[in-house]
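Chemist: pasting the structure only:
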């Protein structure tokens, strides 16, 4: 567990190779323990094994190796018990949803994110619920539903502030800045993004800082400050290359190409623009990032059209249409499945809420309020010192015969009246 915490820390600061090395070491040690017959509980070993697979899935996702990330996430899901809900299962579902989002498979992204959200709610894991809610916000951005995206992010931000998760607060604040950017509120966008950038730098989170830096470049590009945009893009690209994040590298490479392809830019250079735009498509194809390829082919088609290279423009326009059509097919399926998934999620949430309320009511019925509240808060060991205690034993004469003469409902009702009266008297006399 300590090693996995180290792997998480390395992921947060962008040292993906080191994170992978640590997690792989844990897997090797687990296998060695199994092979040598060392005395380690099977359930404990399974839990640690799944945690390690989730760590490797997340590392590969951050690095842009989406297929490898899916492989590890699926392996984790295969190893958790089918009918037992655990935090590892919720994490694996969440990672799978995030990877499918990057691959442009929005229907699957919603499906797995919905399952993860339900799982975290049933587990009463507020941090997990906040993370999945933020991820859902990112999905809505891709679908152009900015109002829903903002709603998700604001919910996540409030929860993460309450939890004191400064890293998550920085990420969501930056994402809210992206929404303002899409809405054309550039001042608000820069305010959120610069706040997030400062937080990521203070926390030493290279990946988060690199992503926000690129987003600030987008804002300056839209404002027509092309040199400033290029400055931020180049900083972002250098950081992503150092981290080995292929998805982000492709994105920023395309943005740099778009700067040089803009004829309003005094340093317009068609050759440089073409080189960067084709490089971006090459990286996106390599990792199968379909969601990125849509925009890349459109940008290159527009560039070739402006250059009068009609055959090249047509070729990329055709590619753009093919991918859009493909995503539209998935979109139609997704819309159909989302409605069903929402019904299922709402049902699961209702069941989870009902279960929680029933548990709360039961505990308060049979235990003193102070003890019931501690159990509901998750206190593992409950011990109290009471200096003076008296115990009253009350016996109901002929209880057995009485219980044979009346119905079960009458019996329970009678007992309830007796115990309620004892409780009232105890409270009245301060006992």
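Modeler: Structure's in. What do you need? Since the model is a prediction, treat every value here as computed from it, not as a measurement.

Chemist: what's in contact with stretch 212-231?
Modeler: 174, 177-178, 181, 184, 186, 189-190, 193-194, 196-197, 200, 232-233, 235-237, 239-240, 248, 251-252, 255-256, 258-259, 262, 264-267 (CB atoms under 8 Å, 6 or more residues apart in numbering). No exception for glycine: its C-beta is placed from N, CA and C like everyone else's.

Chemist: out of those residues, which are inside helices?
Modeler: 174, 177-178, 181, 186, 189-190, 193-194, 196-197, 200, 232-233, 235-237, 239-240, 248, 251-252, 255-256, 258-259 (DSSP state H).

Chemist: distance of the closest residue to residue 306 other than its chain neighbours from residue 269?
Modeler: Excluding the flanking residues, the one nearest residue 306 by CB to CB, 6 or more residues apart in numbering is residue 263, at 6.9 Å. As defined by CB to CB, to the nearest Å, residue 263 lies at a distance of 11 Å from residue 269.

Chemist: higher neighbour count, the two?
Modeler: The neighbour comparison of residue 263 against residue 269 (other CB atoms under 10 Å) goes to residue 269, with 13 against 9.

Chemist: how about the more buried one, phi and psi?
Modeler: Torsion angles at residue 269 (phi, psi; degrees, to the nearest 10) stand at phi -150, psi 110.

Chemist: tell me the contacts of it?
Modeler: residue 260.

Chemist: so it versus residue 302, what's the distance?
Modeler: 16 Å.

Chemist: how about residue 216?
Modeler: For residue 216 relative to residue 302 (CB to CB), the value is 24 Å.

Chemist: settle it for me: which of those two has more neighbours?
Modeler: Taking neighbours as other CB under 10 Å, residue 216 and residue 302 compare with residue 216 leading, 26 against 17.

Chemist: any weak-confidence spans in the stretch 251-400 of the chain?
Modeler: Applying pLDDT under 70 to the stretch 251-400 of the chain picks out residues 327-358, 378, 380.

Chemist: just the helices in it please.
Modeler: 270-287, 290-306, 310-366, 369-376, 399-405 (DSSP state H, counting those that start in this stretch).

Chemist: try the stretch 101-250 of the chain
Modeler: So, for the stretch 101-250 of the chain - with DSSP H, counting those that start in this stretch - the helices run 106-122, 126-142, 146-163, 166-182, 186-203, 206-222, 226-243, 246-261.

Chemist: so which of those is nearest residue 7?
Modeler: Residue 7 sits nearest to helix 206-222 of all these, at 14.3 Å, using CB to CB.

Chemist: mean confidence score for that closest one?
Modeler: The average pLDDT for helix 206-222 rounds to 93.

Chemist: do stretch 418-428 as well
Modeler: Here the average pLDDT along stretch 418-428 is 88.

Chemist: ok, and for that stretch, which residues are buried?
Modeler: For stretch 418-428, burial by neighbour count (16 or more other CB atoms under 10 Å) applies to no residue.

Chemist: how about residues contacting it?
Modeler: Applying CB under 8 Å, 6+ apart, the external contacts of stretch 418-428 come out as 392, 394, 396, 431.

Chemist: return the residues in contact with the second one.
Modeler: Pointing back at residue 394 there. residue 422.

Chemist: again, only using 7 Å
Modeler: For residue 394, no contacting residues are found, by CB atoms under 7 Å, 6 or more residues apart in numbering.

Chemist: and it, how far from residue 413?
Modeler: Applying CB to CB to residue 394 and residue 413 gives a distance of 18 Å.

Chemist: equivalent analysis for residue 374, please.
Modeler: From residue 374 across to residue 413, the span is 30 Å (CB to CB).

Chemist: tell me which of the helices of the stretch 251-400 of the chain sits most buried.
Modeler: Per residue and on average, the most neighbours among those fall to helix 290-306, with a mean of 20 (mean count of other CB atoms under 10 Å).

Chemist: from the rest of the structure, what touches that one?
Modeler: Defining contact as CB under 7 Å, 6+ apart, one finds that helix 290-306 is touched by 102-104, 142, 250-251, 254, 258, 261, 263, 273, 277, 280-281, 284-285, 312-313, 316-317, 319-320, 323-324, 327.

Chemist: if we go to 8 Å?
Modeler: So helix 290-306 is contacted by 101-105, 142, 247, 250-251, 254, 257-258, 261, 263, 270, 273-274, 277-278, 280-281, 284-285, 310, 312-314, 316-317, 319-320, 323-324, 326-327 (CB under 8 Å, 6+ apart).

Chemist: pLDDT of stretch 79-88, averaged?
Modeler: Mean predicted confidence for stretch 79-88 is 70.
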